[in-house]
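Novice: Give me a 3D structure for the following:
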Amino acid sequence: MTDFSQDPQFWGARALGALAGSAISLIYLLPKTRREAASRLVTGLACGLIFGGPTGLWLGQKLDLLDHLTGFEIMLAGATAASLSAWWGLGLLARLAARYGAKPGG
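Specialist: As a prediction, this is how the structure comes out:
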(Lines give C-alpha, C1' and ligand atoms only; values in the text may rest on other atoms or scores of the structure.)
Protein backbone atom coordinates (compact mmCIF):
# COMPACT_ATOMS: atom_id res chain seq x y z
CA MET A 1 0.00 0.00 0.00
CA THR A 2 1.25 3.47 -0.81
CA ASP A 3 2.32 5.76 2.05
CA PHE A 4 0.75 9.20 1.56
CA SER A 5 1.26 10.46 5.09
CA GLN A 6 4.59 12.31 4.93
CA ASP A 7 4.34 14.23 1.65
CA PRO A 8 3.20 17.87 1.98
CA GLN A 9 1.68 17.66 -1.50
CA PHE A 10 -0.76 15.01 -0.29
CA TRP A 11 -1.67 17.04 2.79
CA GLY A 12 -2.44 19.91 0.40
CA ALA A 13 -4.58 17.61 -1.72
CA ARG A 14 -6.41 16.43 1.40
CA ALA A 15 -7.09 19.99 2.56
CA LEU A 16 -8.11 21.18 -0.91
CA GLY A 17 -10.37 18.17 -1.39
CA ALA A 18 -11.98 18.59 2.01
CA LEU A 19 -12.70 22.26 1.28
CA ALA A 20 -13.99 21.41 -2.19
CA GLY A 21 -16.33 18.75 -0.82
CA SER A 22 -17.74 21.16 1.74
CA ALA A 23 -18.13 23.91 -0.89
CA ILE A 24 -19.92 21.59 -3.32
CA SER A 25 -22.21 20.41 -0.53
CA LEU A 26 -23.00 23.97 0.49
CA ILE A 27 -24.51 24.59 -2.94
CA TYR A 28 -26.87 21.61 -2.73
CA LEU A 29 -27.88 21.51 0.92
CA LEU A 30 -27.74 24.92 2.56
CA PRO A 31 -27.40 25.01 6.33
CA LYS A 32 -30.25 26.68 8.17
CA THR A 33 -28.15 28.27 10.93
CA ARG A 34 -24.59 29.43 11.43
CA ARG A 35 -24.10 26.74 14.05
CA GLU A 36 -25.18 24.05 11.59
CA ALA A 37 -22.87 25.52 8.94
CA ALA A 38 -19.92 25.57 11.33
CA SER A 39 -20.46 22.03 12.60
CA ARG A 40 -20.89 20.65 9.09
CA LEU A 41 -17.81 22.51 7.85
CA VAL A 42 -15.63 21.19 10.68
CA THR A 43 -16.99 17.67 10.18
CA GLY A 44 -16.43 17.86 6.41
CA LEU A 45 -12.88 19.09 6.84
CA ALA A 46 -12.04 16.48 9.47
CA CYS A 47 -13.48 13.61 7.45
CA GLY A 48 -11.75 14.81 4.27
CA LEU A 49 -8.39 15.04 6.03
CA ILE A 50 -8.73 11.75 7.89
CA PHE A 51 -10.46 9.57 5.32
CA GLY A 52 -9.22 11.17 2.08
CA GLY A 53 -6.55 8.56 1.37
CA PRO A 54 -8.59 5.42 2.04
CA THR A 55 -11.62 6.83 0.25
CA GLY A 56 -9.54 7.78 -2.79
CA LEU A 57 -7.97 4.34 -2.97
CA TRP A 58 -11.34 2.64 -2.55
CA LEU A 59 -12.93 4.78 -5.26
CA GLY A 60 -9.96 4.24 -7.56
CA GLN A 61 -10.18 0.48 -7.12
CA LYS A 62 -13.96 0.37 -7.59
CA LEU A 63 -13.77 2.50 -10.73
CA ASP A 64 -10.58 0.76 -11.96
CA LEU A 65 -8.75 4.09 -12.29
CA LEU A 66 -5.68 3.59 -10.12
CA ASP A 67 -3.43 3.04 -13.14
CA HIS A 68 -4.67 6.26 -14.76
CA LEU A 69 -4.52 8.71 -11.86
CA THR A 70 -1.65 10.26 -9.95
CA GLY A 71 -1.43 9.99 -6.17
CA PHE A 72 -2.42 13.66 -5.89
CA GLU A 73 -5.58 13.08 -7.92
CA ILE A 74 -6.49 10.00 -5.89
CA MET A 75 -6.05 11.91 -2.65
CA LEU A 76 -7.95 14.96 -3.93
CA ALA A 77 -10.89 12.85 -5.14
CA GLY A 78 -10.96 10.83 -1.94
CA ALA A 79 -10.88 13.86 0.34
CA THR A 80 -13.60 15.55 -1.70
CA ALA A 81 -15.81 12.45 -1.60
CA ALA A 82 -15.27 11.93 2.14
CA SER A 83 -16.01 15.59 2.92
CA LEU A 84 -19.05 15.62 0.66
CA SER A 85 -20.42 12.48 2.29
CA ALA A 86 -19.86 13.79 5.81
CA TRP A 87 -21.51 17.13 5.02
CA TRP A 88 -24.55 15.45 3.50
CA GLY A 89 -24.80 12.86 6.25
CA LEU A 90 -24.65 15.41 9.04
CA GLY A 91 -27.05 17.73 7.22
CA LEU A 92 -29.54 14.94 6.65
CA LEU A 93 -29.36 13.84 10.29
CA ALA A 94 -29.84 17.44 11.47
CA ARG A 95 -32.92 17.85 9.26
CA LEU A 96 -34.41 14.52 10.38
CA ALA A 97 -33.79 15.35 14.03
CA ALA A 98 -35.45 18.73 13.62
CA ARG A 99 -38.46 17.22 11.88
CA TYR A 100 -39.01 14.07 13.96
CA GLY A 101 -37.31 14.97 17.24
CA ALA A 102 -39.08 15.45 20.53
CA LYS A 103 -41.36 18.45 20.58
CA PRO A 104 -41.06 20.78 23.61
CA GLY A 105 -43.98 20.41 26.00
CA GLY A 106 -45.28 17.35 24.15
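
Novice: Identify the residue spatially nearest to the most centrally placed residue in the chain, adjacent ones excluded.
Specialist: Centroid-nearest residue in the chain: Ser83, 0.6 Å away (criterion: CA atoms, centre = their mean). Using CB to CB, 6 or more residues apart in numbering and skipping the chain neighbours, the partner closest in space to Ser83 is Gly21 (2.7 Å). Using the backbone N, CA and C atoms, a C-beta is placed for each residue, glycine as well.

Novice: I figured that neighbour was touching Ala79, is that so?
Specialist: Yes. Taking CB atoms under 8 Å as the definition, Gly21 is a contact partner of Ala79 at 6.8 Å.

Novice: for the helix or strand containing the residue nearest to the centre of the chain, packing partners?
Specialist: Using DSSP states H and E, Ser83 maps to helix 71-100. Applying 3 or more CB pairs under 8 Å, 6 or more residues apart in numbering; DSSP states H and E, one finds that helix 71-100 contacts helix 8-28, helix 34-62.

Novice: With respect to those, which exhibits the lowest mean confidence?
Specialist: Ranked by mean pLDDT, the helices and strands packed on helix 71-100 bottom out at helix 8-28, which scores a mean of 84.

Novice: Now do that helix against helix 34-62, angle only.
Specialist: For helix 8-28 against helix 34-62, the angle by axes from the mean of the first three to the mean of the last three CA atoms, to 10 degrees is 120 degrees.

Novice: Run through who's touching helix 8-28.
Specialist: 4, 37, 40-41, 44-49, 52-53, 71-73, 75-88, 91 (CB atoms under 8 Å, 6 or more residues apart in numbering).

Novice: In ChimeraX, select just the buried ones from those residues.
Specialist: Of the contacts of helix 8-28, the buried ones go into a single ChimeraX selection, burial set by 16 or more other CB atoms under 10 Å:
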select :4,40,41,44,45,47,48,49,52,53,71,72,75,76,77,78,79,80,81,82,83,84,85,86,87,88,91
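
Novice: ok so, going back, any idea how far the residue nearest to the centre of the chain lies from Thr33?
Specialist: With the distance defined as CB to CB, to the nearest Å, Ser83 ends up 20 Å from Thr33.

Novice: Equivalent analysis for Gly71, please.
Specialist: 38 Å.
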